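Student: Okay, here's the prediction I keep looking at, along with the sequence it came from:
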Amino acid sequence: MSDRGIFLMLAPLLALSLLSSPSNALDNKKKAGRDWEYLDNGVVRIGIDKSRGACIGYLAESKTKRNLLNNYDEGRFIQQSYYGRPDGSKWNGKPWVYNPVQGGYAKGKSSRLLKFSRDKKKKTLSARVEPLSWASGIACPEALMGVTISLEGPLARVRFRMDYTGKDQSAVHDQEMPAVFTDAELPNLVYSENGKLKRRVPGWPNERGKATENWVAYLDDKDWGIGICTPGTETFTCYRFEGDGKTGPAGSACSYVAPLRRFSLQKGLVVDYEVFLTIGSLEEIRRRFAPLRSKLPSSNGAGGKKKQG
C-alpha cells in the first residue's frame with residue numbers, strides 16, 4: 001500500500017502496513033496458529049499464510065530457505081489491494097477511501113479465507129478470500145479475491161483475480177498490481193528504462209518510476225535478490241521504511257514496490273492478471289523475464305474485463 005500521503009493523490013499505496021501501529025503488529029505476531037502452505041520444486045519455495053488472507057509471505061531458494069519477503073502484518077506480504085472513493089473511514093488520522101485488502105484490516109484483523117485447495121497433479125495452490133477494507137475493517141464480499149500459484153523452474157507464477165460486484169466507485173486511481181513487500185536487507189531497486197539499467201535506494205514516502213521491460217528487482221549489494229514482473233505494466237511506485245530498524249521477514253523495516261495500472265472499480269469488473277517472481281542475480285532475473293513481455297494485459301487496464309448483463 002503506500003504512503004498514504006500519496007494516497008491522497010492516491011497513488012497507492014500500501015504502506016499501509018508500515019504505518020500500522022507496531023503494537024498491533026506485535027499483538028498479531030503473538031497469535032497462535034499461523035497456517036502456512038508451501039510449494040517447493042527443488043529450485044524455489046513459495047508460501048502463503050492461510051490465516052492472513054492467503055497472502056504470499058514466503059519466497060526462498062529451496063537450498064537455503066532464506067525468506068526474502070516481509071510479512072510483518074496484514075498490510076505487508078505480496079497481495080492485492082484496490083482503491084475507490086472516500087468512504088468516511090480514517091487511517092493514520094486522515095480521511096481514507098474504500099480499500100479492500102487481501103490480508104485484512106489495519107488494526108490486526110485478518111481477511112476471511114473462503115476456500116483453499118492444493119492440486120497435487122497440477123502442483124498448484126489456490127485460495128479464495130473475502131477481503132476487509134483497510135481503514136474500517138468492514139468485510140467486502142463485493143470484492144472477492146482469488147490467487148493461484150504454480151512453480152516453473154526458477155519462476156513462481158501467480159494469478160490474481162478480483163471480482164467486483166459493488167457499486168461504481170467512479171474515481172480512477174493508481175492500483176497496485178500487486179503490492180510487494182520484501183526484506184529490508186534488499187535495499188537496491190533495479191529496473192530497465194528504455195534499454196538502460198537504473199538503480200536507486202528508494203526513500204520515504206513513495207517515489208515513482210518507469211520500467212519499460214516490465215520488471216523490477218530488489219537486490220543486495222552483490223546484485224542478488226528478488227525480481228517481480230507484471231507483464232504489460234511499466235509504471236511503478238516504491239519506498240523503503242526503516243521502522244525500528246529490525247529487518248527480516250518479521251521486521252518492521254521493509255522495502256516496497258508495486259507495479260501500477262490506472263482504473264476505477266465499476267460494478268461487474270473482473271481484475272485478472274499474472275505476476276512472475278524469481279530469485280537470482282540481476283543477469284538471471286533479467287534473462288528469465290525477457291520472454292514474458294509479450295504477455296500484455298487486456299485493454300481495460302485492469303488485466304480483466306467487465307462482466308456483461
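Tutor: That came through, no problem. These numbers were taken from a predicted model, which means no experiment stands behind them.
Student: ok, the residue most central in space within the chain to E274 distance?
Tutor: When CA atoms, centre = their mean is applied to the chain, the residue found nearest the centroid is A179 (2.5 Å). A179 is 16 Å from E274, where distance means CB to CB, to the nearest Å. Backbone N, C-alpha and C define where each C-beta goes, glycine included.
Student: Tell me which residues touch the closest residue in space to S111 that isn't next to it in sequence, please.
Tutor: Nearest non-adjacent residue to S111, counting by CB to CB, 6 or more residues apart in numbering: G53, 3.9 Å away. Residues in contact with G53, defined by CB atoms under 8 Å, 6 or more residues apart in numbering, are 74, 77, 79, 101-104, 110-111, 113, 129, 131, 145.
Student: roughly how far apart are G53 and R157?
Tutor: For G53, the distance to R157 equals 19 Å [CB to CB].
Student: lowest confidence element among the helices and strands of this structure?
Tutor: Scoring the helices and strands of the chain by mean pLDDT, DSSP states H and E places helix 22-30 at the bottom, with a mean of 40.
Student: And the helices in the stretch 201-309 of the chain, which stretches?
Tutor: For the stretch 201-309 of the chain, the helices defined by DSSP state H, counting those that start in this stretch occupy 282-289.
Student: So what's the residue count around G42?
Tutor: 10 (other CB atoms under 10 Å).
Student: Next, format the contacts of G53 as a markdown table and append pLDDT, neighbour count and distance to E207.
Tutor: A markdown table is the format used below for the contacts of G53 (pLDDT from 0 to 100; neighbours: other CB atoms under 10 Å; distance: CB to CB, whole Å):
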| residue | pLDDT | neighbour count | distance to E207 |
| --- | --- | --- | --- |
| E74 | 96 | 30 | 24 |
| F77 | 98 | 29 | 21 |
| Q79 | 98 | 32 | 21 |
| V101 | 98 | 31 | 22 |
| Q102 | 98 | 32 | 24 |
| G103 | 98 | 33 | 23 |
| G104 | 98 | 26 | 26 |
| S110 | 97 | 22 | 30 |
| S111 | 98 | 25 | 28 |
| L113 | 98 | 18 | 34 |
| V129 | 98 | 31 | 30 |
| P131 | 98 | 28 | 27 |
| M145 | 98 | 28 | 27 |
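Student: Please flag which of those residues sit within helices.
Tutor: Judged by DSSP state H, those include no members of helices.
Student: Need the nearest residue in space to A253, chain neighbours excluded.
Tutor: In space, A253 is closest to A184, 3.8 Å off (CB to CB, 6+ apart).
Student: Check L132 too.
Tutor: Counting by CB to CB, 6+ apart, the residue nearest L132 is Y105, at 4.5 Å.
Student: Now do the contacts for the one you found.
Tutor: 74, 111, 132-134, 136-137 are the contacts of Y105 under CB under 8 Å, 6+ apart.
Student: Phi and psi next, for it.
Tutor: The phi/psi pair for Y105 (degrees, to the nearest 10) reads phi -100, psi 150.
Student: How much space separates it from S89?
Tutor: 11 Å.
Student: Can you pull the residues that touch both of the two?
Tutor: 133, 136.
Student: Now do the strands in the stretch 1-150 of the chain.
Tutor: Assigned by DSSP state E, counting those that start in this stretch, the stretch 1-150 of the chain shows strands spanning 36-40, 44-49, 55-61, 78-79, 86-91, 94-97, 100-101, 112-119, 124-130, 132-133, 143-152.
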